[in-house]
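Enquirer: Got a sequence here, can you model it:
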Amino acid sequence: MSSTRALSFDRAAAQYAAARPDYPPALFDAVEELAGRPLRGARTVDVGAGTGIATRLLHARGARVTAVEPGPGMAAELRRTLPSVAIVRGDGNRLPLATASADLITYAQSWHWTDQERSMPEAFRVLRPGGALALWWNVSDHSVPWIADQDTRLRRHLGAGNSAHGSSPASPVPGSRFRELPGPAGSSFAQRLLPWSRKVPVDTHLANLASHSAFLVLGAAGEQATRRFLAAERGHLAGLFPDGTVEERYVADLIVAIR
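Expert: Predicted coordinates:
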């Protein structure tokens, strides 16, 4: 993945923090179950922490979290909202952390920005024996007709290979067969797909779409086209959600690997 694209979120950190969905409690329950230990007290490293959406929820469950984030704008937003959480500037390809120093390493929406031939060995280096690596993504539920229709419009606007609905490289389509990630001998993997939803104002939904890298990399040159697209999308949504509240439906795609 392009580092330029990965760092494109920096210019929209506040928008990202305000509009992006968080994660359901059931996801963290599943992390605890599959990791075989509670989050409370776990030495946890949240890599690609961004503005701290997952960091905040891990911290609230009692995890002892260190956030790792490469982008200065995203890190500044995280520091503003979570001043008590330690932040380390870096990325998953070369973690600036000691060997066998973590019980749990998490990647929320960020694993696909790494070079997995480098980030997988790094994660297992930093994990203690028996520690867990948890990767997850919010993927829009394309079994919902209006979401599938919106995805078609997004791909028409952004290009066939792009969307703003999110996908996990391990499971490009929710429910698709799990593709094992490369890990050391003896490691084990498990996957859970967790449906959930949230209700948000249409403005928040549109801001969520616009906070995805496929829009952000267009920069100033694409601002007018982005405004036209979002205005048209507002019109589509007005007929579906006349009260101005959009129900976004997701599948949280979770993979946990044990060292």
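
Enquirer: mind listing what's buried in stretch 117-136?
Expert: Buried residues in stretch 117-136, counted by 16 or more other Cβ atoms under 10 Å: 119-120, 122-127, 131-136. C-beta: built from backbone N, CA, C; applies to glycine.

Enquirer: Between the two ends of that stretch, how far is it?
Expert: End-to-end distance for stretch 117-136, by Cα to Cα, to the nearest Å: 18 Å.

Enquirer: Contacts only, for the nearest residue to Ala17 once chain neighbours are set aside.
Expert: Excluding the flanking residues, the one nearest Ala17 by Cβ to Cβ, 6 or more residues apart in numbering is Thr51, at 3.9 Å. Applying Cβ atoms under 8 Å, 6 or more residues apart in numbering, we find Thr51 in contact with Ala13, Tyr16, Ala17, Arg20, Met74, Glu77, Leu78, Thr81.

Enquirer: quick one on the thing from earlier: which one among the buried residues of stretch 117-136 gets closest to His59?
Expert: Ala134 (15.1 Å; Cβ to Cβ).

Enquirer: In this structure the closest one contacts Ser110, no?
Expert: No - the pair Ala134 and Ser110 does not pass the contact test of Cβ atoms under 8 Å, sitting 11.7 Å apart.

Enquirer: Just confirm His157 is within a helix.
Expert: Yes - the assignment for His157 is a helix, going by DSSP: H, G, I helix; E, B strand; the rest coil.

Enquirer: do you know how far the residue nearest to Ala17 is from Pro129?
Expert: Noted for Thr51: a distance of 32 Å to Pro129, by Cβ to Cβ, to the nearest Å.

Enquirer: circling back to that earlier point, which of the three states applies to the residue nearest to Ala17?
Expert: Going by three-state DSSP: Thr51 is coil.

Enquirer: Can you pull the phi/psi pair for it?
Expert: phi -90, psi 0 (degrees, to the nearest 10).

Enquirer: who's in contact with Glu77?
Expert: Ala13, Ala14, Tyr16, Ala17, Thr51, Gly52.

Enquirer: For it, give its distance to Ala17.
Expert: Counting by Cβ to Cβ, the gap from Glu77 to Ala17 is 5 Å.

Enquirer: okay, and the common contacts of these two?
Expert: Contacts common to Glu77 and Ala17, judged by Cβ under 8 Å, 6+ apart, are Thr51, Gly52.

Enquirer: Give the residue spans of the chain that score low on pLDDT.
Expert: For the chain, the stretches with pLDDT under 70 are 1-12, 160-164, 166-187, 219-221.

Enquirer: At the geometric centre of it, which residue do we find?
Expert: Gln109 (1.9 Å; Cα atoms, centre = their mean).

Enquirer: Go ahead and confirm it touches Gly48.
Expert: Yes - if you go by Cβ under 8 Å, Gln109 and Gly48 touch, sitting 7.4 Å apart.

Enquirer: Kindly state the beta-bridge partners for Leu104.
Expert: Applying DSSP bridges to Leu104 gives these bridge partners: Thr44, Ala132.

Enquirer: shift numbering so it begins at 87
Expert: Sounds good: first residue 87 from here, last item Leu190.

Enquirer: Now for it, how many residues are close by?
Expert: Applying other Cβ atoms under 10 Å, we find 25 residues neighbouring Leu190.

Enquirer: which ones are touching it?
Expert: Counting by Cβ under 8 Å, 6+ apart, Leu190 has contacts 117, 121, 123, 125, 128-131, 149, 213, 217-220.

Enquirer: tally of neighbours for Ala100?
Expert: Neighbours of Ala100 (other Cβ under 10 Å): 14.

Enquirer: Which helix or strand contains it?
Expert: Assessed by DSSP states H and E, Ala100 sits inside helix 99-105.

Enquirer: got the buried residues for that helix?
Expert: Those would be Ala99, Gln101, Tyr102, Ala103, Ala105, for helix 99-105 by 16+ other Cβ under 10 Å.
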